[in-house]
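Participant: Need a 3D model of the sequence below.
(one chain, ligands or ions: 1)
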Amino acid sequence: MVTNGHDLIAIQPNYESEAVCVTCGKPAITADHLIFQGIHTLAKYICRHCNRPFYHTVPVGHDLLFPSSFDEYGGQLNADQEARSWLVDPLLASLFKGEKIEVTIEKEIIEARSDVIILNCLDYRFGHAFTKLWNATILKRRYPDHGIIIFVPQGLRWCVPEGVAEIWSFHGKVSEFRRCMVNLDLDVKQLITRFSKVWLSKAYTHLAIEKVDLEKLLKTKRFDLSQFGASAPTVTFVLREDRFWQSSALEFFLLKVFIKLGLPKAIFVRRQNYLVNKAARMIRKRTGGVSLAAAGMGKHGRLASFIADRRKARPTSKDEYDWCTLYSRSHVVIGIHGSNMLIPTALAAGFIEILPRYKVRHISEDISLAYSARYALFLGRHVDQFASAYLVSIHAASMIRDFPYVYKNAEQVV
Ligand SMILES: [Zn+2]
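Facilitator: Next comes the predicted model:
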């Protein structure tokens, strides 16, 4: 494979890579051609030993850690079992089971360059697309002479940093982006012919947060810790109506039954609202006054009158941006793993995340808090799946009350 600094893959004038034939196991050297499926880029090979065609994923995004290869019918699969259900199976279905989609692509050409890097941030999960976009700030710093072309779901267009050469915004439901985008392949091939050199970014999915300038993506300054004690305490709940705060194993069991039977989940939203209201009351009492808000997707049920309810059923980019301002003023954001905590934790002073036990192995994946050492421990807290309102409230109140002391100690010159 031809690389530039190990994090770029050449695709123009040529893509060169080795792969092992899935049928006879012998190495095949040169790819016949590339296919731009959407999330994935595939290289098609013809084995020079057994003459059978096969596909191999180009190491971009999650395909870098979980490569897969298969024959022309999707058989002879060689892939990591861990990645089957969420990565490889949707890819195979998109190619061999007719799961296709035609997408509207809005193309903005900002700057003409001859040597470009394509950063493909497409994904059917918001968090994955957002973390791929983190690569943009690093690429700009590392390759100032290259133009960067970003592929991004339209809902994330507002997060694209300044200074890129082109932005391709993909319209439509993000959940549909697991499908094969039938019109993309031709569009990308036409794009490539405009340039003398084209590279693909490896679009790393779990970059070290300290290396990424998220303020450039979110157009918002994060909470200034030196002002923690100076500004009115603010706590923001980050909610969704498909990931719930539940306080007992019985409720969790009932939720699983409801999901299995396809029943409406309004009762769980009400229960979540009840816990939020209860925790909010306790935090108010313990801190002697705090400004409270709720953000995130959803609008059902009532929250207590002292909680500014800023939830939206269908948030626009403007709503997302307004939430960013709210997060950046929040001393604590409280959410559930899966309730889109990446942006709130990038901007607020600290967080409390309710972590389901079945998500323990994914701890930290949805957190963007960029502190190290003691600040990270003090301001980043995970509590159990069945955490009570009381437990959440004592963590929140302590963070608000006690952090100024931690800060004072930590900032002393020694
Ligand atoms: Zn072969």
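Participant: list the contacts for Ala112?
Facilitator: By C-beta atoms under 8 Å, 6 or more residues apart in numbering, Ala112 lies in contact with 147, 165. C-beta coordinates here come from the backbone N, C-alpha and C atoms, glycine included.
Participant: quick check, it in a strand?
Facilitator: No - according to DSSP: H, G, I helix; E, B strand; the rest coil, Ala112 belongs to no strand; its state is coil.
Participant: Distance-wise, check it relative to the ion.
Facilitator: As judged by C-beta to the ion, to the nearest Å, Ala112 and the ion stand 43 Å apart.
Participant: what does Gln412 give?
Facilitator: 66 Å.
Participant: Doesn't that residue lie inside a strand?
Facilitator: No - assessed with three-state DSSP, Gln412 is coil; it does not lie in a strand.
Participant: so how many other residues sit close to it?
Facilitator: Using other C-beta atoms under 10 Å, Gln412 is surrounded by 7 other residues.
Participant: Could you do Tyr371 as well?
Facilitator: Using other C-beta under 10 Å, Tyr371 is surrounded by 16 other residues.
Participant: Phi and psi next, for the residue in the stretch 251-400 of the chain that the ion sits nearest to.
Facilitator: Per C-beta to the ion, Arg361 is where the stretch 251-400 of the chain lies closest to the ion, at 36.6 Å. Arg361 adopts backbone torsions of phi -70, psi -10, taken as degrees, to the nearest 10.
Participant: now the chain, which segments are flagged as low pLDDT?
Facilitator: 1-5, 413-414 (pLDDT under 70).
Participant: The stretch 251-400 of the chain: strands as residue ranges?
Facilitator: 291-296, 307-309, 332-336, 350-355, 380-384 (DSSP state E, counting those that start in this stretch).
Participant: now do the stretch 101-250 of the chain
Facilitator: Going by DSSP E, counting those that start in this stretch, the stretch 101-250 of the chain shows strands at 105-109, 115-120, 147-153, 166-170, 180-181, 197-201, 234-239.
Participant: Among the ones you listed, show me which one is buried the most.
Facilitator: strand 234-239 (a mean of 27; mean count of other C-beta atoms under 10 Å).
Participant: Tell me the helices and strands packed up against that strand.
Facilitator: helix 266-287, strand 291-296, helix 317-328, strand 332-336 (3 or more C-beta pairs under 8 Å, 6 or more residues apart in numbering; DSSP states H and E).
Participant: would you list these in a markdown table and tack on mean neighbour count and distance to the ion?
Facilitator: Below are those laid out as a markdown table (neighbours: other C-beta atoms under 10 Å; distance: least, C-beta to the ion, whole Å):
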| stretch | mean neighbour count | distance to the ion |
| --- | --- | --- |
| helix 266-287 | 19 | 52 |
| strand 291-296 | 23 | 51 |
| helix 317-328 | 18 | 48 |
| strand 332-336 | 28 | 48 |
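Participant: for those, which one sits closest to Glu82?
Facilitator: Nearest to Glu82 among the helices and strands packed on strand 234-239 is strand 332-336 (23.7 Å), distances taken as C-beta to C-beta.
Participant: Tyr204 touches Ala136, doesn't it?
Facilitator: No - assessed by C-beta atoms under 8 Å, Tyr204 is found out of contact with Ala136, at 11.4 Å.
Participant: quick one: which of the two has more around it?
Facilitator: For Tyr204 and Ala136, the more surrounded residue by other C-beta under 10 Å is Ala136, and the numbers stand at 27 against 18.
Participant: what's the closest non-adjacent residue to the more buried one?
Facilitator: Of all residues not flanking Ala136 in the chain, Pro161 sits nearest, at 5.3 Å (C-beta to C-beta, 6 or more residues apart in numbering).
Participant: how near is the one you found to the ion?
Facilitator: In terms of C-beta to the ion, Pro161 sits 44 Å off from the ion.
Participant: and what of Ser231?
Facilitator: For Ser231 relative to the ion (C-beta to the ion), the value is 65 Å.
Participant: okay but Cys324 is in contact with Leu217, surely?
Facilitator: No - Cys324 lies out of contact with Leu217 (C-beta under 8 Å); the separation is 10.0 Å.
Participant: Next up, the contacts around His337.
Facilitator: 243, 353-356, 359, 362-363, 366.
Participant: Leaving out chain neighbours, which residue sits closest to Asp80?
Facilitator: Once flanking residues are discounted, Asp80 sits nearest to Phe66: 4.9 Å by C-beta to C-beta, 6+ apart.
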